[in-house]
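# This is a predicted model, with the sequence first.
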Amino acid sequence: MANAGEVYVRVRNLTYLQPFSPMFVVAHTNDVSIFREGFPASDAVKIMAEDGDNSALVELLASEDVEPYICGGVMGEAPLFPGDTWRGVMTVDESICPDAQYSVVSMLINTNDAFVGIDSNRLVGTEKVFPPAFDAGTEANNELCTHIPGPACPADSGNMEDGPGEGFISVSRGFHGVGPDLGEANYDWRNPVAEVVVATSYV
């Protein structure tokens, strides 16, 4: 990025019936990462991927060990439904991040622990990315409403935990209808699951 200032983010949900939890976008140095493919998820990513809750990520990025490497961020206020677009703006402090990177995460909320993610892409003018869904590996994919917080299930369900899952973050294998509650014809997807545009001018 040539100058410190505003960075514009646009996310479009490309799935059929998989709403995203409120988007979480952060700019940071290369000293930190929100998640890493092939490695165990942090507790904060686990909570986001299982419950669609960004509060633990907010706390992590404000912690003494991580905050010095964070130079901007923006978070959605509501779920992003299929076919809809969310826009956000974050102010990036170039004095902290002379070569800023950005990361994006959001849960696919009709799943056990799948999330759309971008890990540590460089902020370089305008970039369009089509990220896949990842499996956080923190909960077994039983596809039962007792373990899924999304709108496809009753409002009082989704709070049970069924672990430990695969134990590391991998590209999600999709939704296979292994449980009796939700069928793959409606809730499966083919990657990519989102269109993400990050730019230094309005998009």
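In hand now; what should we look at?
# Which positions within the lowest-mean-pLDDT helix or strand in the chain qualify as buried?
Ranked by mean pLDDT, DSSP states H and E, the weakest helix or strand in the chain is helix 184-187, scoring a mean of 94. Of all the residues in helix 184-187, those buried under the rule 16 or more other CB atoms under 10 Å are residue 187. From N, CA and C alone the C-beta is placed, and that goes for glycine too.
# Mind giving me the packing neighbours of it?
Using 3 or more CB pairs under 8 Å, 6 or more residues apart in numbering; DSSP states H and E as the contact test, no helix or strand touches helix 184-187.
# partners of the helix or strand following it in the sheet?
Proceeding C-terminally, helix 184-187 gives way to strand 194-199 as the next helix or strand, assigned by DSSP states H and E. Strand 194-199 sits in its sheet next to strand 5-13 (antiparallel), strand 127-129 (antiparallel), going by DSSP bridges.
# Give me the distance from the first one to the chain's centre.
Taking CA atoms, centre = their mean, to the nearest Å, the mean C-alpha location of strand 5-13 is offset from the chain mean by 14 Å.
# what does stretch 11-27 give?
On CA atoms, centre = their mean, the centre of stretch 11-27 falls 7 Å from that of its chain.
# in the protein, which spans are strands?
5-13, 24-28, 70-75, 85-92, 101-107, 114-122, 127-129, 133-135, 170-171, 194-199 (DSSP state E).
# Please report the distance of residue 34 from residue 106.
11 Å (CB to CB, to the nearest Å).
# between these two, what contacts are shared?
Taking CB atoms under 8 Å, 6 or more residues apart in numbering as the contact rule, the neighbours common to residue 34 and residue 106 are residue 117.
# Those two: which is more packed in?
residue 106 (31 against 25; other CB atoms under 10 Å).
# do you know how far that one is from residue 116?
Distance from residue 106 to residue 116, by CB to CB: 5 Å.
# Do you know the pLDDT at residue 179?
Turning to residue 179, the model gives it a pLDDT of 85.
# Thought residue 146 was touching it, still the case?
No: the criterion here is CB atoms under 8 Å, and residue 179 misses it with residue 146 at 9.2 Å.
# returning to what we had before: distance to residue 53 added to the strands of the chain, as JSON lines?
Converted to JSON lines, these look like this (distance: least, CB to CB, whole Å):
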{"stretch": "strand 5-13", "distance to residue 53": "18"}
{"stretch": "strand 24-28", "distance to residue 53": "10"}
{"stretch": "strand 70-75", "distance to residue 53": "11"}
{"stretch": "strand 85-92", "distance to residue 53": "17"}
{"stretch": "strand 101-107", "distance to residue 53": "8"}
{"stretch": "strand 114-122", "distance to residue 53": "12"}
{"stretch": "strand 127-129", "distance to residue 53": "24"}
{"stretch": "strand 133-135", "distance to residue 53": "17"}
{"stretch": "strand 170-171", "distance to residue 53": "22"}
{"stretch": "strand 194-199", "distance to residue 53": "19"}
